[in-house]
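Enquirer: starting from these lines, generate the structure:
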Amino acid sequence: MTLSKVERMELERRVASRRGRADEARRARCILLVSEGATWAEIRLQLDCPDSYIARWTKRFAAERLAGLFSRHRGQPPTKLTARLEARILEATRRPPSDGSTHWSTRRLGKHLGLSHMMVARVWAKHRLKPHRLERYMASDDPDFERKAADIIGLYLNPPQHAAVFCVDEKTAIQALDRMDPVLPLSPGRAERHGFEYFRHGTLSLYAAFNTRTGAVLGKAAARHTSAEFVAFLSDLVAHQPKRKEIHVILDNLSAHKTKKVEEFLAEHPKVQLHFTPTYSSWLNQVELWFAKIERDVIARGVFTSVKDLARKLMRYIRRYNNNPQPVKWKHSDASRRITTTSLVTGH
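Expert: Numbers count the residues shown, from 1 in each chain. Predicted structure coming up:
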């Protein structure tokens, strides 16, 4: 390989430069060694490179001279996001992948469409699409949904004067779980740890009546959740209210709430009125929110040595909660947003 005077000076400048790129100096030195008649074995030893490296850069230098020694990165072809391309991404996102997976990721969809995964991510962010997330719902099939829901929401927003409104339900089959291994407390950088093995001492049910005005809770632990236990709890509820005070009870459609014993109790207490939520609409019952709270605070991570211990800790929590109860701030803004079969088809 023959070099001109200018080429040799430029290559030697690159090799001697202390501010230039190391890869450029290495290529310049490779060409200089070739021009000086060094063998490929000697070049491999001096530059610590394979034969493919020597062949690639000598071929490029022979074809383009000094211009051939610049790096060439193929990269990704630039793509401009057009409205048509955006619509194509959105349409592909709504269709399931053909590889058997349930949803797309940005990289999988980008590879499928031949696009950058970052472009897919920008389109998803723009249109608030999150294929990895899933929300569940339960549409009520109650033909009287509107009437029952309006009745209950009316009790929340505009309760009758001089009347008490309670949301009543039972949390059934609460397990008294005792850990076989000691609980390791949390420490800096480490969460609290529970052993995998446990011992089940038994279960009990918790009856609760949530006062919608004050947020106070009347609770009762019971071994079973029968109609007799439910009537006994209603009797306790009435006993804790002033005599002849009108009481409205919101509850679900459990069979134990509609037995003959319940009818007899209502006949003996005409001031007590039951309001049943529509089917599959437990979200209308505010006591469910309180049950979620006691589940987080006591039950989920609790350690109970017996059923009695479980009942004691539940009632202790209720007593302390009632020292500073918090009512639910119920709001109802748009009845048209209810999930129906029609809304599922039209996408509203």
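Enquirer: quickly list the domain ranges of the protein.
Expert: Split into domains by automatic domain parsing, the chain comes to 5-69, 83-126, 145-334.
Enquirer: export those domains to TSV and tack on mean neighbour count?
Expert: For the C-beta atoms, the positions are set from N, CA and C on the backbone; glycine is no exception. Listed next are those as TSV, based on neighbours: other C-beta atoms under 10 Å:
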stretch	mean neighbour count
domain 5-69	14
domain 83-126	14
domain 145-334	15
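Enquirer: got CSV for those, with mean pLDDT and distance to Leu134 too?
Expert: CSV is the format used below for the domains of the chain (pLDDT from 0 to 100; distance: least, C-beta to C-beta, whole Å):
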stretch, mean pLDDT, distance to Leu134
domain 5-69, 88, 48
domain 83-126, 92, 9
domain 145-334, 90, 18
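Enquirer: Pro50 and Leu32, how far apart?
Expert: Here the criterion is C-beta to C-beta, to the nearest Å. By it, Pro50 lies 19 Å from Leu32.
Enquirer: and Gly215, by the same measure?
Expert: 86 Å.
Enquirer: and what of Arg65?
Expert: 14 Å.
Enquirer: what of Tyr321?
Expert: Distance from Tyr321 to Leu32, by C-beta to C-beta: 84 Å.
Enquirer: and if you look at Trp124?
Expert: For Trp124 relative to Leu32 (C-beta to C-beta), the value is 52 Å.
Enquirer: before we move on, what about Met315?
Expert: In terms of C-beta to C-beta, Met315 sits 89 Å off from Leu32.
Enquirer: and if you look at Ser187?
Expert: Ser187 is 62 Å from Leu32, by C-beta to C-beta.
Enquirer: ok, now Ile43?
Expert: Going from Ile43 to Leu32 by C-beta to C-beta gives 10 Å.
Enquirer: kindly report the same for Pro160.
Expert: Applying C-beta to C-beta to Pro160 and Leu32 gives a distance of 99 Å.
Enquirer: and if you look at Ala176?
Expert: For Ala176, the distance to Leu32 - C-beta to C-beta - is 83 Å.
Enquirer: what segments of the stretch 101-250 of the chain are strands?
Expert: Per DSSP state E, counting those that start in this stretch, the stretch 101-250 of the chain carries strands over the ranges 163-179, 198-211, 217-222, 246-251.
Enquirer: give me the pLDDT for the spatially most central residue of the chain.
Expert: For the chain, Arg133 is the residue whose C-alpha lies nearest the centre (C-alpha atoms, centre = their mean; 6.9 Å). Per-residue pLDDT puts Arg133 at 93.
Enquirer: how about the helices in the stretch 1-150 of the chain?
Expert: 5-16, 22-35, 40-47, 51-64, 83-94, 106-113, 117-126, 145-157 (DSSP state H, counting those that start in this stretch).
Enquirer: residues touching Ala311, list them.
Expert: With contact taken as C-beta atoms under 8 Å, 6 or more residues apart in numbering, Ala311 is in contact with 204, 221.
Enquirer: what about it, which helix or strand?
Expert: Here Ala311, judged by DSSP states H and E, is contained in helix 307-321.
Enquirer: between strand 163-179 and that helix, find me the angle.
Expert: Here helix 307-321 runs at 140 degrees with respect to strand 163-179, directions being taken by axes from the mean of the first three to the mean of the last three C-alpha atoms, to 10 degrees.
Enquirer: now helix 307-321 against strand 198-211, angle please.
Expert: Using the same axes, to 10 degrees: helix 307-321 against strand 198-211 is 30 degrees.
Enquirer: could I get the domains of the chain as a markdown table with distance to Tyr137?
Expert: A markdown table is the format used below for these (distance: least, C-beta to C-beta, whole Å):
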| stretch | distance to Tyr137 |
| --- | --- |
| domain 5-69 | 58 |
| domain 83-126 | 18 |
| domain 145-334 | 10 |
